[in-house]
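Engineer: Provided below for reference: sequence and predicted model.
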Amino acid sequence: MNTRTDEPSTQTRRSGLDVAVERFAAALGAEHVTTDPLQVRQFRDPYAHPAWVEHQPAAVVSPASTEEVQEVVRIAAGTGVHLWPISQGRNNGYGGPAPRVGGGVVVNLRRMNRILELDAELAYAVVQPGVRFFDLFEEIRRRRLPLWPSIPDLGWGSVVGNTLDHGIGFTPLGDHQARQCGMEVVLADGSVLRTGLGAMTTARTGALRKYSYGPSADGIFMQSNFGIVTEMGCWLVPQPEVYVAADVVVERDEDLAALVEAVRPLLLDGTIPNHPIVYNTALVAGALSDVPRSHWQQEPGPLTQETLLQMRAETGCGAWFMRFALYGPAAVVDAQQAPCEQALARVPSARTSLRRMDGATAVDELLERARSHTPPAGPDGAVARLRQQSDSTQAGVPSLDLLEHLSWDEQGAGGHLDYSPVAPLDGRSAQDLCDFLDGACRDLGVDFAVSLMLTSRVMIAVVSLWFATADEAGTRAAYTTVRSLVHRGAEQGYGAYRTHLEHMDDVAATYDWNDHAGLRLAERLKDVLDPQGVLAPGKQGIWPGSMRDPADRPLRPLGTHVDDGTVD
Ligand code: ADP
């Protein structure tokens, strides 16, 4: 049942918002504050059904400096409105720019887009939150610096936002939380602090050593709602002498365990220095084959084994397709490549391909390849497209290639929701996890399309559920499916690493050891740092005291419609 409302939940909130908007406009300039429904709509969840507004903000405010962020926070505290900070807000499978609680104010940090430091000798940058992966890459190229940034698969997100959400990248500094170093944060009372060595007024650097003296605070500002990050240090990879982009096609389903067993020691001892990804057939055929789902299967229900075999035959992607890369001086890369090839040769149905490039010219070569070489349309081109995208991403060259393809939807408005459980990196666990996910997806009537991101000790499985956002029932079903996977996964011991707004409470509930001691600590911090709940109430399941009882949460149910003329 859809409920219809265009009303904020109380009259007080409406007047609080009106006053806040006036004050934001006085502080920042009217052009940097909007309540215009069409502009505000740009900050809703892009993959929600077009008529849904449960996560639609009431206003968007765009500060240009740390001082303006402080002012915005103070105004919000004085008027009782709540804020939802975003850097670029492109975190689409998890809700994009939209707030957990609809009707709040998005703090859009895209105007804070300066690269404050970029140092080739010590290989680091200090960036404001609006700096996109594209911007950092382009600035490095403009200055001709021998540096490669670590980037995720889509280049339009921000360095800061992705890090704060525990994002992963694919050069050797792909653990984005780990390569972060030093931050400036505005707290809910409008005060500002710097972490790490930047906490000294006379600091020579804030971005070279993560720790200073006393407790290290950076981690509490990630996947939380304790502050707004206005600057962040970020380490960069020195351009290697040699770059090898590699992939492995594994033909048989049952050889996943052998593949994982072969790769784990190479990750543990650093022979493979980046995060490989293993894709299954449905993911490659679905995300990169350039043909709609109906090309493969007309009959209802999840993809059959017959269809999967057909997909493998037409795309050549195997049951599993793994990408990884090597970097360093030629002699080091040679020494890495040999054990990789030997280990992968022992995986029964595996075929490895390697593309070796001179590090100094690799980026030009990859950009030229993207400009001049268009893989064939249709299933034949899927592996070529994936190679092109992977080789670039693993060299820090950002693109939006995956976005163009990531849709089974024939109406051109495809959305996806992800379920992302974490499991130990061993063959048995990989098999167990995939058997569980395959079985659960079949049981829930959806396709099992997965990317397994490998780190040295765990794999993070990102199960992608694709749907047409125009299909309201189908969109709703995807949310229900993810919720079900979260709970079924937790029963099997799998915790999710990141999640959509709508499932934040569900995931928080699964981290339940000792009566949710972790969440209770976060709540105690919230009570001290933000007792009013100015900042992002409900993010990661952390609610302020006044909303801790679910009955007090001003939430609109999934599928809430609005009738204000903004829906086409
Ligand atoms: P991206 O820039 O990569 O698209 P988002 O802006 O979507 O990332 O942010 C990812 C998550 O991090 C969101 O939950 C968002 O609320 C939070 N976030 C983003 N930027 C900030 C920031 N500067 N301070 C605090 N939280 C932030």
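Structural biologist: Okay, I see it.
Engineer: all strands in the stretch 1-150 of the chain, in order from the N-terminus.
Structural biologist: Counting by DSSP state E, counting those that start in this stretch, one finds strands in the stretch 1-150 of the chain at the ranges 33-34, 59-61, 83-86, 105-108, 115-119, 124-127, 147-148.
Engineer: so which of those strands gets nearest residue 482?
Structural biologist: Nearest to residue 482 among these is strand 83-86; the distance by C-beta to C-beta comes to 20.9 Å. Quick note: C-beta positions are derived from backbone N, CA and C, even for glycine.
Engineer: any chance you could list what contacts the closest one?
Structural biologist: 43, 57, 72-73, 76, 97-101, 104-109, 129, 161, 228-229, 534-536, 539 (C-beta atoms under 8 Å, 6 or more residues apart in numbering).
Engineer: cool, stretch 355-372 as well?
Structural biologist: Residues outside stretch 355-372 that contact it (C-beta under 8 Å, 6+ apart): 141, 146, 148, 239-246, 327, 333, 387-388, 391-392, 395-397, 399, 401.
Engineer: which among the residues you listed count as buried?
Structural biologist: Buried members of these, counted by 16 or more other C-beta atoms under 10 Å: 148, 239-240, 242-246, 327, 333, 387-388, 391-392, 395-397, 399, 401.
Engineer: restrict those residues to contacts with the ligand.
Structural biologist: Near the ligand, taking C-beta under 6 Å from any ligand atom as the test, no member of the buried ones among the contacts of stretch 355-372 is found.
Engineer: which of the residues you listed fall in strands?
Structural biologist: Applying DSSP state E to the buried ones among the contacts of stretch 355-372, the entries found in strands are 148, 242-246, 327.
Engineer: and of those residues, the nearest to residue 218?
Structural biologist: Nearest to residue 218 out of these is residue 148 (C-beta to C-beta; 23.1 Å).
Engineer: name the nearest residue to that closest one, ignoring sequence neighbours.
Structural biologist: Distances taken as C-beta to C-beta, 6 or more residues apart in numbering put residue 396 closest to residue 148, at 3.7 Å, once the chain neighbours are dropped.
Engineer: pretty sure the one you found is touching residue 134, no?
Structural biologist: No. Under the criterion of C-beta atoms under 8 Å, residue 396 makes no contact with residue 134, lying 11.2 Å away.
Engineer: can I get the longest strand seen in the chain in PDB? Just the C-alpha atoms.
Structural biologist: Counting residues, the longest strand in the chain under DSSP E turns out to be strand 458-468. What follows is strand 458-468, C-alpha atoms only, in PDB (Å, rounded to 0.1, in the frame of the first residue of the first chain):
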ATOM      1  CA  VAL A 458      38.600 -11.700   3.200                       C
ATOM      2  CA  MET A 459      36.400 -11.500   0.200                       C
ATOM      3  CA  ILE A 460      33.600  -8.900  -0.100                       C
ATOM      4  CA  ALA A 461      30.800 -10.200  -2.300                       C
ATOM      5  CA  VAL A 462      28.700  -7.600  -3.900                       C
ATOM      6  CA  VAL A 463      25.500  -9.200  -5.100                       C
ATOM      7  CA  SER A 464      23.800  -6.800  -7.600                       C
ATOM      8  CA  LEU A 465      20.100  -6.800  -8.000                       C
ATOM      9  CA  TRP A 466      19.100  -5.100 -11.200                       C
ATOM     10  CA  PHE A 467      15.600  -3.700 -11.800                       C
ATOM     11  CA  ALA A 468      13.700  -1.200 -13.900                       C
END
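Engineer: quick one, the helix or strand following that strand and strand 458-468 angle?
Structural biologist: Where DSSP states H and E defines the elements, the next helix or strand beyond strand 458-468 is helix 472-491. Computed with axes from the mean of the first three to the mean of the last three C-alpha atoms, to 10 degrees, the direction of helix 472-491 lies at 160 degrees from that of strand 458-468.
Engineer: who are the packing partners of helix 472-491?
Structural biologist: Counting contacts by 3 or more C-beta pairs under 8 Å, 6 or more residues apart in numbering; DSSP states H and E, helix 472-491 is packed against strand 414-419, helix 427-444, strand 458-468, strand 495-496, helix 504-510.
Engineer: just the CA trace of the first one, in PDB.
Structural biologist: Once side chains and other backbone atoms are set aside, the C-alpha atoms of strand 414-419 remain, and they are given as PDB (Å, rounded to 0.1, in the frame of the first residue of the first chain):
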ATOM      1  CA  GLY A 414      17.900   0.600 -14.800                       C
ATOM      2  CA  GLY A 415      18.700   0.700 -11.100                       C
ATOM      3  CA  HIS A 416      20.500  -1.600  -8.800                       C
ATOM      4  CA  LEU A 417      20.600  -2.400  -5.100                       C
ATOM      5  CA  ASP A 418      23.500  -4.300  -3.600                       C
ATOM      6  CA  TYR A 419      23.900  -6.800  -0.800                       C
END
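Engineer: who does that strand pair up with?
Structural biologist: The strands beside strand 414-419 in its sheet (DSSP bridges) come out as strand 458-468 (antiparallel).
Engineer: ok, back up a step: what's the closest of the helices and strands packed on helix 472-491 to the ligand?
Structural biologist: helix 504-510 (9.3 Å; C-beta to the nearest ligand atom).
Engineer: residue of the stretch 51-200 of the chain closest to the ligand, please.
Structural biologist: The nearest approach of the stretch 51-200 of the chain to the ligand comes at residue 161, 2.3 Å away (C-beta to the nearest ligand atom).
Engineer: is that residue in contact with residue 91, as I believe?
Structural biologist: Yes. Counting by C-beta under 8 Å, residue 91 is a contact partner of residue 161 at 6.5 Å.
Engineer: domains for the protein, by residue range?
Structural biologist: Domain assignment for the chain, taken from automatic domain parsing, gives 10-109+521-552, 115-238, 244-503.
Engineer: so where is this structure shaky, pLDDT-wise?
Structural biologist: Scanning the chain for pLDDT under 70 picks out 1-14, 404-413, 563-568.
Engineer: how about the residues of it by the ligand?
Structural biologist: So far as C-beta under 6 Å from any ligand atom goes, the chain lies against the ligand at 84-91, 109, 129, 157-158, 160-162, 164-165, 228-229, 536.
Engineer: which of these fall within helices?
Structural biologist: Using DSSP state H, the members of the residues of the chain next to the ligand that fall in helices are 160-162, 164.
Engineer: tabulate the residues you listed (CSV), appending neighbour count.
Structural biologist: Compiled in CSV, those are given as follows (neighbours: other C-beta atoms under 10 Å):
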residue, neighbour count
160, 26
161, 24
162, 24
164, 26
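Engineer: now, which of those residues sits nearest residue 175?
Structural biologist: Nearest to residue 175, judged by C-beta to C-beta, of those is residue 162 at 11.7 Å.
Engineer: residue contacts, residue 350?
Structural biologist: Contacts of residue 350 by C-beta under 8 Å, 6+ apart are 248-251, 255, 258-259, 344.
Engineer: give me phi/psi at the closest residue to residue 246 other than its chain neighbours?
Structural biologist: Nearest non-adjacent residue to residue 246, counting by C-beta to C-beta, 6+ apart: residue 354, 4.7 Å away. Residue 354 adopts backbone torsions of phi -130, psi 140, taken as degrees, to the nearest 10.
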